[in-house]
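J.: here's my sequence, what's the structure:
(chains A and B)
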Amino acid sequence: MSSITANHNADNQPITGLKAQLRRAERMKKIKAMLLVAPLALFLIIAFVMPISSMLWRSIDNTEVSSVMPLTAAAILDWDGQGIPDEAVFEAFAQELRESRAGGGLGRIGRRLNYEDPTFRSLLTQTLRGLPLSTEVSWTEELIGINARWNETSTWLAIQRTAPTVTDRYLLAALDLERDIDGKVAQIAENQRLYVSVFQRTLVIAGGVTLICLFLGFPLAYLLATLPPSKSNLLLICVLLPFWTSLLVRTAAWIVLLQSGGLVNSGLMATGIIDSPIQLVFNRIGVFFAMVHVLLPFMILPLYSVMKGVPSSYQRAAVSLGAHPFAAFWQVYVPQTVSGIAAGTILVFIMALGYYITPALVGGPSDQMVSYYVAYYTNTTNNWGMAAALGALLLVVTLLLYMVYHKLVNQKQLVRS
Amino acid sequence: MGNNNYNTHPLEVECYFSPLLSIFINKSVSLTQEEKDMQTGTSNEPLVRFTGVQKTYDGESLVVKDLNLNIQKGEFVTLLGPSGSGKTTCLMMLAGFETPTSGDIFLGNQRLNTLPPHKRNIGMVFQNYALFPHMTVEENLFYPLKTRKMPKHEARQKVDKVLQTIQLESFAKRRPSQLSGGQQQRVALARALVFEPQLVLMDEPLGALDKQLREHMQLEIKHLHENLGLTVVFVTHDQSEALTMSDRVAVFNDGVIQQIDTPQALYEHPANSFVAQFIGENNTIMGKVDSIEDDFCRVSFGDGLGTRASRIQSLSTGSSTRLSIRPERIRLNGSSEGLPNRFKATLHEFIYLGDHLRLRCELAGNDQFYVKVPVSELCPSLSVGDAIDIGWRDEDVRALDAS
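T.: Presented below is the predicted three-dimensional model:
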């Protein structure tokens, strides 16, 4: 019996030793691989993951009031929203308002409360000026004495809304929604609605640009894939030529070409096709022209790379089986380029969704896309919450589209493998 | 072609051949010799005719030079040659994917030059099968019937029959990428035959298979051809494949058919030194024609050596010649006694190949002279460096052109 056990051990010993050796050998490889990707991973975390997550956080961030006025925020959240809050809330508010003058807290809460009511900032400064030095007073009476609005429920409701540390108001506002007095989600007044139509416009422009790019890019990619290498290389350089110039210069060039006294209009007039200049720029036409021009290579390149891998023998086989060459192209060739079409359209569409400079330069006021408003809120009004909410929604749209793309490509790979 | 009736019961057929074959066979097993002759085209009218066909891609050099080739109905013709010899170009011109620069190609009575490929009704099996990857096996087989607008139920019957007989019914809904190479090959063949074309072209269809499967498929295709009376034009660069399968082999080089003949005639009686070297193993000795005696000639070579050789080309006295001898035709030592042509050679190397040995010898200064000996016939006392006697019959050595 013991000899059997000994045998077992003798058999197992080298195996575990082998496993340990294998692990050691693999560990060295793993460490090397991790060291190689470490700089990139670090860069991605600092330059990509952190900014994006902080941006996403800002779209629900509501800490202005609760950080500057922690006691007021805590007290007012217990208020039932009927009439006006009790003396304790008034006292905490008055004390913390006085303290907020130091360290710029007043500015922060002023800006935040102004989103609820654009006159709030002046109300706060006026109240601050009127606060008595003594602390042995009825704060309710004092504040109402300074401004009668402190006797209104809506004033305190506005403060109550800003008290929680997170809010959905930016995200709702980015969809033209708000919380009404009862806290229910409702559409804002019709004349104030904006962002839903901006999102629609963004999708329409991005979709249109993608379709035009596909329509123009597919035949060119096919030509590139079927030409002999020497010619196709030359053509490929021509496709990539626009990348040698800055985006701004190319967009400006379109303005020069398309403006009413520009090359295109004067050419059309000289040939007698039109009598007076037509508006080609600072409207939707100009946006399409410039964006298609910029994004076309991003359609052609993925299409080309997929088409390069489709042997011509498939089409020949279809023709030899009796299909008209055109039918062979549609039934046999095009289905095999689906992954290229998916990659090209998704790439162009996602890039077009985020376009900012080109529509801003060659588009009119009604051609501005979501990114324009993101830029507007970050650069002009400093409303990071709105900018972040619009950005987050755009990100959601992009991610949804990417999932669709992923599914399509995965199906395709199943076919190919 | 009316000789395929898919409704006959498959069990009437000699199934020991292969599953693939039994699809298409039906009454052919019961054909009389006369009927077979009709099928295999001993009638005078060739099915395919190339007359004076030339092809150039760049307008400077001819890829195919003045090609004249007749292919009878029911014949299995292989176009064999090194790459760039023009064989694939010929096939592509026949299929319609290349147009002849000059000359005519006929299929039956129809001139093909201006007929677009999709109207030619020629089945083709491609090098890498070219099964459509986005369609299932079944959809692939339906494709040629759909393009011909065949009624659905009729097409269904044909496809089911084909699937059953290539034994891939359970694979009908699979994609080609989920099949093995041999299965893909069968589907490709079935797809080229399901619409019953009058001619089948095969462009190196077995190149991607491993050796064993390739040899199996060679026989399968050969049997298929025999039993269906198919007319097949087969392109390959593998000479053993060509010899195994074909009724006739056309050896291409430099855009010209060097010789077109039965496999046996090609091997035994090559018309020139290219064919002799391209097909099978071959020893060559450069020599000079001393005299001509009917079909034979006397050739001197090396340092005062001479042999009688069968003569093919229009060799004249005094011209230089290349002698060609197959390694297996050379007799060694004792067995060479009594042969008219005997020489002393030096043994340099034994090369063991299992069923036979190859001996590398030196004869008349040529140390790449090979002799093929069955293992059982080798004298065990031989060793490297020995002087050995070798000999051959007059008719086993051929005096060819010197080029």
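J.: now do the buried residues in stretch B:350-357.
T.: B:356-357 (16 or more other Cβ atoms under 10 Å in any protein chain shown). Where you see a C-beta, it was placed from the backbone N, CA and C, and this is true even at glycine.
J.: mind checking the pLDDT average for it?
T.: Mean per-residue pLDDT for stretch B:350-357: 85.
J.: centre of the chain to the helix or strand where B:Thr284 lies, how far?
T.: Mapping B:Thr284 onto the secondary structure by DSSP states H and E places it in strand B:283-293. From the chain centre to the centre of strand B:283-293 is a distance of 30 Å (Cα atoms, centre = their mean, to the nearest Å).
J.: mind listing the strands it pairs with, and their directions?
T.: Sheet pairing of strand B:283-293 (DSSP bridges) gives strand B:296-301 (antiparallel), strand B:320-325 (antiparallel).
J.: for the first one, could you pull out the residues that count as buried?
T.: The one in question is strand B:296-301. Applying a neighbour-count criterion of 16+ other Cβ under 10 Å, one finds B:296-299, B:301 buried in strand B:296-301.
J.: can I get those in TSV including pLDDT?
T.: TSV is the format used below for these (pLDDT from 0 to 100):
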residue	pLDDT
B:Phe296	84
B:Cys297	85
B:Arg298	85
B:Val299	86
B:Phe301	83
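J.: next one: the residue in the stretch 51-200 of chain A that chain B sits nearest to relative to A:Val370, how far apart?
T.: Nearest residue of the stretch 51-200 of chain A to chain B (Cβ to the nearest Cβ) works out as A:Gln200 at 34.6 Å. Distance, A:Gln200 to A:Val370, using Cβ to Cβ, to the nearest Å: 10 Å.
J.: so those two - more neighbours on which side?
T.: A:Val370 (24 against 10; other Cβ atoms under 10 Å in any protein chain shown).
J.: what's the burial count for the nearest residue to that one once chain neighbours are set aside?
T.: Using Cβ to Cβ, 6 or more residues apart in numbering or on different chains and skipping residues adjacent in sequence, the residue nearest A:Val370 is A:Thr202, 4.8 Å away. Close neighbours of A:Thr202, defined as other Cβ under 10 Å, add up to 24.
J.: quick revisit: figure out which of the strands paired with strand B:283-293 is closest to B:Ile71.
T.: strand B:320-325 (28.4 Å; Cβ to Cβ).
J.: and the next helix or strand past that closest one?
T.: strand B:331-332.
J.: partner strands of the following helix or strand past that following strand and their direction?
T.: As assigned by DSSP H and E, the chain's next helix or strand after strand B:331-332 is strand B:341-352. Under the criterion DSSP bridges, strand B:341-352 sits next to strand B:356-363 (antiparallel), strand B:387-392 (antiparallel) in its sheet.
J.: now strand B:341-352: buried residues?
T.: Here strand B:341-352 shows B:341, B:343, B:345, B:347 as buried, counting by 16+ other Cβ under 10 Å.
J.: check stretch A:239-255 too.
T.: A:239, A:250-251, A:254-255.
J.: for stretch A:105-114, same thing?
T.: Buried-residue list, stretch A:105-114, by 16+ other Cβ under 10 Å: A:105-106, A:108-110, A:112-114.
J.: can you pull out the helices in the stretch 201-350 of chain A?
T.: All helices of the stretch 201-350 of chain A, identified by DSSP state H, counting those that start in this stretch, fall at A:229-240, A:247-258, A:263-270, A:284-308, A:313-320, A:325-328, A:334-336, A:338-353.
J.: looking at chain A, which helix or strand does the model trust least?
T.: In chain A, the helix or strand scored least confidently by mean pLDDT, DSSP states H and E is helix A:2-44, which has a mean of 77.
J.: show me the shaky parts of chain A.
T.: Chain A contains residues with pLDDT under 70 at A:1-15, A:409, A:411-417.
J.: quick one, domains of the chain?
T.: All of this is about chain A. Under the assignment automatic domain parsing, the domains of chain A span A:1-49, A:69-160, A:195-416.
J.: I was thinking of chain B, sorry if that wasn't clear
T.: B:10-268, B:281-400.
J.: separation between the residue in the stretch 1-150 of chain A positioned nearest to chain B and B:Val125?
T.: In the stretch 1-150 of chain A, no residue comes nearer to chain B than A:Ala33, which is 30.9 Å away by Cβ to the nearest Cβ. The gap separating A:Ala33 from B:Val125 is 46 Å, by Cβ to Cβ.
J.: of these two, give the one with the bigger neighbour count.
T.: B:Val125 (25 against 10).
J.: you'd agree the more buried one is up against B:Leu206?
T.: No - using Cβ atoms under 8 Å as the test, B:Val125 is too far from B:Leu206 to be in contact (9.4 Å).
J.: quick one, strands of the stretch 101-250 of chain A?
T.: A:177-179, A:185-187 (DSSP state E, counting those that start in this stretch).
J.: what number of residues lie near A:Ser366?
T.: Around A:Ser366 there are 10 residues (other Cβ under 10 Å).
J.: so what's it up against?
T.: A:201, A:284 (Cβ atoms under 8 Å, 6 or more residues apart in numbering or on different chains).
J.: taking the stretch 301-403 of chain B, what residue is nearest to chain A?
T.: Proximity of the stretch 301-403 of chain B to chain A (Cβ to the nearest Cβ) peaks at B:Ser403, 33.9 Å away.
J.: please name the nearest non-neighbouring residue to that residue.
T.: B:Ser273 (6.3 Å).
J.: OK, contacts around that neighbour?
T.: Counted by Cβ under 8 Å, 6+ apart, B:Ser273 has contacts B:284, B:322, B:324, B:400-403.
J.: fine by me, we can end here.
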